[in-house]
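This is a predicted model, with the sequence first.
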Amino acid sequence: MALPLKTKFRKKGPKTLEDRASVVATNIWRIAQEAVRHMEKEGYPLGGDRQVTSVITEIIAFLVQCSDRIVYGQLNEEERGRFINALGKHLARITSVNLEEFVGPGAYAGDFINTLNARFADYSEIEFNGRQPSYSVLRYLGEKVSRAMEATDSKWVLEQVVDVETPELIKAIKKVVGEVLGVQVS
């Protein structure tokens, strides 16, 4: 993924967890967009703005779950809750603004948050290997992206997501969370 990630603050001084969550959220949105662009370049057509946003939402949910697993045990529970909550709120705002631009006016934040919460519940049932997503987690993401792309008749989507996209996604989210929060990522 040749996407330059922005992990440095322009202004000096102390930063709150919410400030840091905003930076992580912006990068997550950019990482998800880049993954979708890469899939399209690799020959996986997306059928329109709604399908693109469905795929982006699935990737975002995965990246937020990875972020949570990275900070687990490194932030206390109160800080971790604040960080993940702020991350979700920032991503809902970013997603809503972008959907209004892509699709048109609407109330998108609620549906986005509902999808995020549903994926969190699902991902919590799947085992991670420490801070590294297990194959089951990668496969779950691949199945969700594949389902979001059903209308395009791309039968190799799951393999593309698991084998090609997720290594880059994991590398990018570890870099962002590690640098923005100053936590261990491996």
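Received, thanks. These figures come from a predicted structure and were not determined experimentally.

what's the closest non-adjacent residue to the residue nearest in space to the middle of the chain?
Among the residues of the chain, the one closest to the centroid is Ile60, at 2.3 Å (C-alpha atoms, centre = their mean). Counting by C-beta to C-beta, 6 or more residues apart in numbering, the nearest residue to Ile60 once its immediate chain neighbours are dropped is Ala32, at 5.1 Å. In this view, the C-beta of every residue, glycine as well, is placed from N, C-alpha and C.

any chance you could map the strands in the protein?
In the chain, the strands defined using DSSP state E lie at 128-129, 132-133.

Give the pairing partners of the first one; include direction for each.
In the sheet containing strand 128-129, its partner strands are strand 132-133 (antiparallel), by DSSP bridges.

Flag the shaky bits of this protein, pLDDT-wise.
1-2, 151-154 (pLDDT under 70).

Next one: the residue nearest to Ile60 from Gln132, what distance?
Going from Ala32 to Gln132 by C-beta to C-beta, to the nearest Å gives 20 Å.

more neighbours, the two?
Between Ala32 and Gln132, Ala32 has the larger neighbour count (other C-beta atoms under 10 Å), namely 25 against 14.

Let me see the contact set for that one.
Residues in contact with Ala32 (C-beta atoms under 8 Å, 6 or more residues apart in numbering) are 56, 59-60, 63.

For Ile28, state which of these is nearest.
When the contacts of Ala32 are ranked by distance to Ile28 (C-beta to C-beta), Leu63 comes first, at 4.7 Å.

my guess is Leu46 meets Ser54, correct?
No. At 9.1 Å, Leu46 does not count as touching Ser54 under the criterion of C-beta atoms under 8 Å.

What's the separation between Gly43 and Trp156?
Taken as C-beta to C-beta, the span from Gly43 to Trp156 is 9 Å.

between the two, which one's more packed in?
For Gly43 and Trp156, the more surrounded residue by other C-beta under 10 Å is Trp156, and the numbers stand at 12 against 9.

ok, the more buried one to Leu169 distance?
18 Å.

Burial check on the residue nearest to Val157 when sequence neighbours are not counted, number of neighbours?
Ranked by C-beta to C-beta, 6+ apart and with sequence neighbours excluded, the top spatial neighbour of Val157 is Ser146, at 4.2 Å. For Ser146, the neighbour count with other C-beta under 10 Å is 22.
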